[in-house]
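Asker: show me how the following folds:
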Amino acid sequence: MGENSVPVIEAPPTASLADPLTLACGVTLTNRLAKSAMSEQLGSRANAPTPELNRLYRRWADGGLGLQITGNVMVDRRAVGEPLNVVVEDDRDFDGLAQWADAAKSGGSPAIVQLNHPGRQTLPAIASEIVAPSAVRVKIPGTPFVKPRALTGEEIETIIQRFATSAEIVTRAGFDGVQLHGAHGYLISQFLSPSVNQRDDEWGGDPERRRRFAIEIARAVREAIGPERILAVKLNSTDFQRGGFTEDESLAVIEQLGEGGVDLLEISGGTYERPAMVGSQRSSQSESSRAREAYFLEFAERAKLVTRMPLMVTGGLRSATAMTGALREGIDVIGIARPVCLEPDLPKRLIANDGTVSKLKPIRTGVKRLDPPADLWWSNIQLRRMGAGKNPRRTLSGWEAIGHALARDGLNSVRRKRS
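Answerer: Numbers count the residues shown, from 1 in each chain. You can find the predicted model right below:
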């Protein structure tokens, strides 16, 4: 970036969900509602885009979103987070990517691809390479996560180039840009966390060196996609773990990304070990934050003090009133994910009526530790229904979601390993 970085546009606070937003790269979001990334698991067994993805994203495009962000697209087929993630390493699935982009943009709004590498957050049944900054295992009792292998310096450089290569391919296929997944405990997030990144070389040892991986990926991707495509980043506010990535460290990363020409920053938080992104930390939030619905709104207010990048907040917002309130407080884009699993037309209704409230309710099993995966799998089943041309099923329970997902993912894991 450096001399070629794009000037950052400071967007004034807005009070309407219908207002467009032009990013520094020149791409305009048609309104302030963005579909945040979810892992669809609708790729083929060969990890290619499918007609089901096209059908799902076309339905969301018809629902009135101002921006669509795809779910986890992996940059290395040896390291996938889930069996049916799409992988983009080369041009082998270019036509399918172009069809996906066309479907996602069919409503007239831009669409970008979320690029990711799972690092240690994957399983040996589906990944032949389980790597991380350091050999630190995911600590969730009773799960089959294994101790990863620490990456070499040469491998780190290769992964940076993989992100750039994947970004170039998807934008050439018709997507308007990419989002780098630097949250939720995946590889970029692992490099940022002192509890996972225990290196003492140019890639770790202090906050500046720990954030180098994220900064170098952003720089390489910007060079690959050029100045007129969206470069977005999803970043944890904190890991919510003792000894992990802190809010102050996150603010330092945000400041440097803003200086480097990132167009849009989405704020999230948590990891597999502490899944705050699905609201598991809700009880620890302040009363004012709970009243305003958003999980990460208070941190976004701190971020506004260190950057002029447009900020996107995802998590917890359910009503048009609260969303408009967040915009009035200086948030630029409202991310919605699980609500559009149940109500794909929700964006149109939110914009048309300031009294609209999502019908989505928390997914509960009665067993607290099962609620986060049940919530995730419940959403995934609804996506699969829409990908098949069906409507979401409002009566689907958390236990039904768990049973369905275990049966499906177990079978898919075996199939992928043998293919």
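Asker: below-threshold pLDDT in the stretch 51-200 of the chain: ranges please.
Answerer: Along the stretch 51-200 of the chain, no part satisfies pLDDT under 70.
Asker: same question, the stretch 201-350 of the chain
Answerer: 239-243, 270-294.
Asker: would you check that I217 makes contact with T165?
Answerer: No. Using Cβ atoms under 8 Å, I217 makes no contact with T165, being 11.6 Å away. All C-beta spots, glycine's among them, are computed from the backbone N, C-alpha and C.
Asker: between those two, who's got more neighbours?
Answerer: For I217 and T165, the more surrounded residue by other Cβ atoms under 10 Å is I217, and the numbers stand at 26 against 17.
Asker: in contact with that one, which residues?
Answerer: By Cβ atoms under 8 Å, 6 or more residues apart in numbering, the contact set of I217 is 160, 163-164, 180, 188.
Asker: before we move on, what about E82?
Answerer: E82 neighbours (Cβ under 8 Å, 6+ apart): 39, 41, 72, 126, 409.
Asker: in a markdown table: those, plus secondary structure.
Answerer: Below are the contacts of E82 laid out as a markdown table (DSSP: H, G, I helix; E, B strand; the rest coil):
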| residue | secondary structure |
| --- | --- |
| S39 | coil |
| Q41 | coil |
| N72 | coil |
| I126 | coil |
| D409 | helix |
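Asker: among those, which two are most distant?
Answerer: N72 and D409 (14.3 Å; Cβ to Cβ).
Asker: neighbour-wise, which of the two wins?
Answerer: N72 (25 against 19).
Asker: can you give me the distance of the more buried one to G261?
Answerer: Distance of N72 to G261, computed by Cβ to Cβ, to the nearest Å: 24 Å.
Asker: please apply the same query to A214.
Answerer: Taken as Cβ to Cβ, the span from A214 to G261 is 14 Å.
Asker: same check, this time on G43
Answerer: Counting by Cβ to Cβ - G43 and G261 are separated by 30 Å.
Asker: of the two, who's got more company?
Answerer: G43 (26 against 21).
Asker: that one against P51, yeah?
Answerer: No. G43 is beyond contact range of P51, at 11.4 Å (criterion: Cβ under 8 Å).
Asker: all the helices of this structure, in order from the start?
Answerer: 51-62, 94-104, 153-172, 187-192, 207-210, 212-225, 247-259, 287-291, 297-303, 320-328, 338-342, 346-352, 371-387, 398-418 (DSSP state H).
Asker: for the third one, packing partners?
Answerer: The contact analysis (3 or more Cβ pairs under 8 Å, 6 or more residues apart in numbering; DSSP states H and E) places helix 153-172 against helix 94-104, strand 111-116, strand 177-182, helix 212-225.
Asker: go again using 10 Å as the cut-off
Answerer: Using 3 or more Cβ pairs under 10 Å, 6 or more residues apart in numbering; DSSP states H and E, the elements in contact with helix 153-172 are strand 73-74, helix 94-104, strand 111-116, strand 131-132, strand 177-182, helix 187-192, helix 212-225.
Asker: rewinding a little: shared neighbours of G43 and P51, anything?
Answerer: G96 (Cβ atoms under 10 Å, 6 or more residues apart in numbering).
Asker: if we can go back for a sec, what sits in contact with each of I217 and T165?
Answerer: In contact with both I217 and T165: V75, using Cβ under 10 Å, 6+ apart.
Asker: okay, the helices of the chain, which one's buried deepest?
Answerer: helix 187-192 (a mean of 29; mean count of other Cβ atoms under 10 Å).
Asker: from the contact counts, what lies against it?
Answerer: strand 111-116, strand 131-132, helix 153-172, strand 177-182, helix 207-210, helix 212-225, strand 230-236, helix 247-259.
Asker: any idea of the angle the third one forms with strand 111-116?
Answerer: Same thing as helix 153-172. 170 degrees (axes from the mean of the first three to the mean of the last three Cα atoms, to 10 degrees).
Asker: what's the angle from helix 153-172 to strand 177-182?
Answerer: Using the same axes, to 10 degrees, helix 153-172 lies at 150 degrees relative to strand 177-182.
Asker: return the distance of helix 153-172 from the chain's centre.
Answerer: 18 Å (Cα atoms, centre = their mean, to the nearest Å).
Asker: likewise the fourth one?
Answerer: Centroid separation between strand 177-182 and its chain, computed with Cα atoms, centre = their mean, is 7 Å.
Asker: buried stuff in that strand?
Answerer: 177-182 (16 or more other Cβ atoms under 10 Å).
Asker: that strand pairs with which strands?
Answerer: strand 111-116 (parallel), strand 230-236 (parallel) (DSSP bridges).
Asker: in the longest one, what's buried?
Answerer: When neighbours are counted by 16+ other Cβ under 10 Å, the buried residues of strand 230-236 are found to be 230-236.
Asker: nearest to G387, of those residues?
Answerer: Closest to G387, out of all of the buried residues of strand 230-236 and judged by Cβ to Cβ, is K234, at 22.9 Å.
Asker: isn't that closest one up against A37?
Answerer: Yes. Here K234 reaches A37: they are 7.2 Å apart, a contact under Cβ atoms under 10 Å.
Asker: list the residues that contact both of those two?
Answerer: Joint contacts of K234 and A37 (Cβ under 10 Å, 6+ apart) are 69, 114, 116, 179, 181, 183-184, 266, 268, 314, 335.
Asker: now the buried members of those.
Answerer: 69, 114, 116, 179, 181, 183-184, 266, 268, 314, 335.
Asker: can you pull the contacts of the closest residue to P144 other than its chain neighbours?
Answerer: Closest residue to P144 apart from its sequence neighbours, by Cβ to Cβ, 6 or more residues apart in numbering: L123 at 5.7 Å. Neighbour list for L123: 80-83, 130, 138, 143-146, 409, 413 [criterion: Cβ under 10 Å, 6+ apart].
Asker: in TSV: the residues you listed, plus distance to E400.
Answerer: Below are the contacts of L123 laid out as TSV (distance: Cβ to Cβ, whole Å):
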residue	distance to E400
V80	26
G81	23
E82	19
P83	20
I130	31
V138	27
T143	22
P144	23
F145	25
V146	30
D409	15
S413	20
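Asker: centroid-nearest residue for this structure?
Answerer: A37 (4.3 Å; Cα atoms, centre = their mean).
Asker: of the helices and strands packed on helix 153-172, which is nearest D248?
Answerer: helix 187-192 (12.2 Å).
Asker: perfect, I'm done here.
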